[in-house]
Structure formats: structure tokens, C-alpha cells
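Novice: turn this into a model:
(chains A and B)
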Amino acid sequence: MPCMIVNARFRHLCRPEEGAGMTSMYGLLFRKQNQIVELIREFVEQAMLAKDNFNRAMDLYFATGKCCPDFDFLVEQTHEAEARSDDVKEKIERLLHEKGLIPEFRADVVDILDHVDDVPDQFDRVLYAIQTQNISLPPAFVPDFKNLVSVSVDACELMRDCVECLLQADKDVAAIRRSIDQCENQGDHIERRAIMRIFQSEIPAIEKVLLKDLVMLIGDIADYTKEVGRRIYILSIKRRV
Amino acid sequence: MLGLLAVVFMGWSLGSNAAANLFGVAVFSRMVRFWTSALLAACFVILGATFQGEPGIQTLSGLTALGPEKALLCTVAAALTVTVMTLVRLPICTAQAVVGALMGIALLQRHLDWGQLEKVVAAWLGTPTGAMVLAIVLYKLMARIYNRVSLNMFQKDALLRTGLILTGCYCSYALGANNVANVTGVFVGSGQLDLALATFLGGCSIAFGILTFSRGVMETVGRRLLILDPFSALVVMMAEALTVHFFALVGVPVSTAHAVIGAMLGIGLLKGVETVRLRTLSQVLAGWFLTPALGAGFFLLLYFLAHLRFVPDV
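Specialist: Predicted coordinates:
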């Protein structure tokens, strides 16, 4: 997958450990700021945990073509991770407002966090849709769904890298943003193709509609990551002097 | 006693007008809270006036020799001028008000030291121009450093806030050192106050004005003329502080309003003239031209009122 290659290429740029020396150096001077940075990392990690559970749940779904107890367990796990990410986000917002930190860009940061939060929310929505509507996936559509989930997961990992750029000095957001856009375009393409195939098939009309909705729900994940990338990019431009 | 009241009135009006030039851009770029800035400004104004206010007082007291009555009227006229300008929310140069009142006296007694006046007028022109050039140079220089500093956005914000607070304190110190002369200079010249008491009392009364009535003009400087991002706000404040402190060392009382507006125009020129609200700018400039005339007018009016005598109907 092209997105996987891009993702791996940027991984070395965005490792949190890179900034560790700097963090310890400025630790005393920027205690509150570092606290916020760490909380944002924790928030994104919870979102990534939701992504991992979502990915495992979808793998299970593709293997069985329907819901099962293990799938239900992973749905719960995804939801819990999503709820934890919400808690951390609330903590960050409180810290940003109560401590009066970064007033000029506080709104921008909160806005980005809200959009990052849309991604685990969407994982939740996809899994709940499968679970509550008991959607069966015919084997003919599994490859398209697998590709779509894979692209969405890649976009999500790129989003983490993008947020990491925000938390570190001198990181090039533009390149990662382009990769997210690339993933999103690829996702749109797979989404259209999958919907076309669903409506060209002989399955009952109601199942067509349910599967189409599911495809669109999964497709929205990459859209949300694109929005996060866009906003981080704009913020990085605004910050430039 | 009346003299002391006039000093307090003058200091209060100066503080209420000039506080905008100290922390206005920082408060309205939302990096510092109003009350934090007001308290810091008040403290540092007193320090500046006490420790480095003497050269300015000596210059202004040498401008003209005044008797106690004229010193009082001159101070009240200048204070009224500044108060009127504060009420219409315009940042003005208190020195212009004082010099305007002194010119009123000159009209009466034809005793004005033109050499000293030339020095002051040159400073009025030099302050905004100097601050504008300095702001442009500082912006270019500091932007290079700022973009190369290896800190994330949160840390950079903290750095900017600290810079704004420190520069605001420096501006306040420079204001105290430079402008206390406008409050007490004429009383020192007339022999009613000694230098030490004049600097301390002047500083305290300026601080009183900052704490009680400074928000309106602050809004004009910080919001109505040009909205600055925190980095530009820091550059403006640094350019202002350096300009005012330079003139304080030379011994010429100049205006923080001239310096801050000049520095803001410098940033406006860098970022595009369209970012500057020309209507507000023209109001500010009109205020500057009006101030000396208003000062002279108020003095003549007060002098006329002070010399009215009741003549019984014969």
C-alpha cells in the first residue's frame, strides 16, 4: 500500500523520544507547557488504542462476515478507549482554560483536539452500526472493505504523526498532510468503487443500503483525519513569523 | 497643598493615558491580564521615576522659570488636557500637554528658552520615527531568532508571554524615568518641590492613574488601531521601551504614546498598510496636534479665571 510506505517514511521524523532531551532540558522552565504536551500525547495514544481495537474487530468481522462474542468484546474495548480519550481531552481543555495557557492559540488547539476526537468516535460508530444493525458482509465485498479499513487506519496513524509535529519544534507538517490527503483520496476512490459494486450485486435492496451506509461510515474516518491534517497545517502557518 | 493636589491630578491623568502604551498591546493580544499588567506597570513606574527620573525633571524645569501660581496653573492645564484626551480614548503625549501649557505662559510673559524647546520638539518627531524604524529592524532580527529556536508552540507561547511581561515592566520603568518630569518638572523649576520628593510623588501618582482609569485608552492602542499577534506585540513593546529609555538617558521627556504608535506603524508597514485602521490613526494624529493647543488654551483660560476680580457695582 502506498500509504503504508509514506507512513513508515515519516515515522522517524516524529518519534516522541526525539524531543525527550529537549523536554528534560527545558523541563523546569516549561513545566505547565510540557504537562499539556504529555496530555495531548496521552489523548492521541488513547485514540490509537481505539484504532487498534477497531482494526482487530474489523479483521474478525471480515473473517466471519458477521458479529460474534469476540467482536462484541472488541467493540466494548474500542468504546472504552474512546471514552478514555474523551476524559483526557477534557483534562487538557481544563488545563488550557484554567491555567490561562496559550491564550492566542487556545481555540485553535481545542478545535484540533475536537477533530482528532472525531476519529475514535467514528470507530465507535462503525462498530456499533455493524453490531446494532447486525450487518452481514458477503465475501464478494470483503476485499474492498479490507482496503478501505486499511487506508483509514493508515490515515489515522499519519494523523498521529501530524499531531506529534504540532508538539515538536521544527517539524514539517506539510509533507505529512500531503500523505494524509493521499490516503483520503485513495479512500474516496475505494469507497466509490465499493458502493458501485454493492449496487451492481444481486443482494436484497435493504442490505445494499445498509452496506452502502457502512462503507460511507468507514470512509468518513479518512475524511476526519484529513480535516485534522488541514487544521494543523493552517495552525503551523499561522504560527510562522 | 494645592501644588501637591495638582501633581497628583497630573500624575493620575498621565498614568490613565500612558498605561495603554505600556501593556495595551500585550493585554489585547490576550497574553497578559489587565490587572496583572496594571499592577506590574504601577510598581515599575514608581521604580523608574524614583531611580532615573531626575535628568528629565532637570531638562523640563530649565525650560522656563515659573512662579508657584503659574506652575500650579500649568500643571492643572496639562492634566485637564490629558484627562480630556483620556475621556475620548486617545493616547497622547503628556509632554505635549505640559509644553502646550508652558507655551501659554510664554504667550503671557514672553520668556521661553527656544533652545530647550527645539530639543523637545525634535524628540516629538524623532520618537515615532525612531520607534518605527527600530520596530522594523527588531521584527526582522527577532523573527530570525524566533523561527530558529527549537521549542514547540506551547513553549514559544510561554516564552512570548514572559517576554511581554518583562518588556512591559521595562516600558513602565522607562515611562516612570522619562515622564515623571511632566508631572513634577514645573514644581521643581519653581522651587516648590525638591528632586527626591518630586520623583517619588510623581511616580506614585502615575501609578494611581494606571490602576484606576487606564482601560479605555488601552483599548484604542491594543484593539482599535491594529490588532497584533503576540510576537508583533513583543516587538512593539521592545521598540517602544528602547526608544523611550534612550530619550530618558538623553534627558528629554518623550511620549510612550509616540513610541508605541510609531512602533505599531512600523509593524503595520511590514505586514501591509491595509492592516492599520486609518480612521483610528487619523484620530490619534489629530489628538497629537490638538494637545499642545489645548494645553495652551486651558492654561490661558485658567489664568484668566484665576485673575478675575469681583468689582462692586459703583
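
Novice: so how far is stretch B:176-193 off the chain centroid?
Specialist: 14 Å (CA atoms, centre = their mean, to the nearest Å).

Novice: before we move on, what about stretch B:93-108?
Specialist: Chain-centre distance of stretch B:93-108: 15 Å, with CA atoms, centre = their mean.

Novice: buried set for the helix or strand of chain B with the lowest mean pLDDT?
Specialist: Ranked by mean pLDDT, DSSP states H and E, the weakest helix or strand in chain B is helix B:54-61, scoring a mean of 79. By neighbour count on 16 or more other CB atoms under 10 Å in any protein chain shown, the buried set for helix B:54-61 is B:54-57, B:59-61. C-betas here are computed from N, CA, C, even on glycine.

Novice: what's the helix or strand for the most far-flung residue of chain A relative to its centre?
Specialist: Note on chain A: the largest C-alpha distance from the chain mean falls to residue A:202, namely 33.5 Å (CA atoms, centre = their mean). Taking DSSP states H and E as the definition, one finds residue A:202 inside no helix or strand.

Novice: same check on the one 5 residues further on?
Specialist: Using DSSP H and E, residue A:207 maps to helix A:205-239.

Novice: same thing with residue B:173?
Specialist: Here residue B:173 sits within helix B:153-189, counting by DSSP H and E.

Novice: buried residues in that helix?
Specialist: Residues of helix B:153-189 classed as buried by neighbour count (16+ other CB under 10 Å): B:153-161, B:163-165, B:167-189.

Novice: do stretch A:53-73 as well
Specialist: By neighbour count with 16+ other CB under 10 Å, stretch A:53-73 contains the buried residues A:53-58, A:60-62, A:67, A:71.

Novice: any chance you could list what contacts the least confident helix or strand of chain B?
Specialist: Contacting residues not belonging to helix B:54-61 are listed as B:95, B:98, B:116, B:119-120, B:177-182, B:184-186, B:188-189, B:195, B:198-199, B:248-253 [CB atoms under 8 Å, 6 or more residues apart in numbering or on different chains].

Novice: quick one: name whatever helix or strand follows that helix.
Specialist: Proceeding N to C from helix B:54-61, the next assigned helix or strand is helix B:68-87, under DSSP H and E.

Novice: name the next helix or strand downstream of that following helix, please.
Specialist: Per DSSP H and E, helix B:68-87 leads on to helix B:94-109 as the next helix or strand towards the C-terminus.

Novice: could you give the angle of that next one to helix B:54-61?
Specialist: Angle, helix B:94-109 to helix B:54-61, by axes from the mean of the first three to the mean of the last three CA atoms, to 10 degrees: 30 degrees.

Novice: helix B:94-109: which residues count as buried?
Specialist: Buried residues in helix B:94-109, defined by neighbour count with 16+ other CB under 10 Å: B:94-106.

Novice: in a markdown table: those, plus pLDDT and distance to chain A.
Specialist: Shown next, in a markdown table, are these (pLDDT from 0 to 100; distance: CB to the nearest CB, whole Å):
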| residue | pLDDT | distance to chain A |
| --- | --- | --- |
| B:94 | 82 | 31 |
| B:95 | 77 | 34 |
| B:96 | 84 | 34 |
| B:97 | 89 | 35 |
| B:98 | 81 | 37 |
| B:99 | 83 | 38 |
| B:100 | 87 | 39 |
| B:101 | 88 | 41 |
| B:102 | 82 | 43 |
| B:103 | 82 | 44 |
| B:104 | 86 | 45 |
| B:105 | 84 | 48 |
| B:106 | 82 | 48 |
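
Novice: what's the closest of those residues to residue A:232?
Specialist: Closest approach to residue A:232 among the buried residues of helix B:94-109 (CB to CB): residue B:94, at 46.9 Å.

Novice: that closest one contacts residue B:182, correct?
Specialist: Yes. Using CB atoms under 8 Å, residue B:94 is in contact with residue B:182, at 4.4 Å.

Novice: where do the contact lists of the two overlap?
Specialist: In contact with both residue B:94 and residue B:182: B:14, B:78, using CB under 8 Å, 6+ apart.

Novice: returning to that earlier point: can you tell if the helix holding residue A:207 touches chain B?
Specialist: Yes. Contact of helix A:205-239 with chain B (CB under 8 Å from any CB of the partner chain) involves A:235, A:239.

Novice: show me what that helix is packed against.
Specialist: Applying 3 or more CB pairs under 8 Å, 6 or more residues apart in numbering or on different chains; DSSP states H and E, one finds that helix A:205-239 contacts helix A:103-133, helix A:142-167, helix A:173-200, helix B:153-189.

Novice: quick one: low-confidence parts of chain A?
Specialist: For chain A, the stretches with pLDDT under 70 are A:1-28, A:99-104, A:170.

Novice: which SSE is residue 50 in?
Specialist: Looking at chain A here, since you left the chain open. Following DSSP H and E, one finds residue A:50 within helix A:31-64.

Novice: I was thinking of chain B, sorry if that wasn't clear
Specialist: helix B:34-52.

Novice: just the mean pLDDT for that helix, thanks.
Specialist: What helix B:34-52 shows for mean pLDDT is 93.
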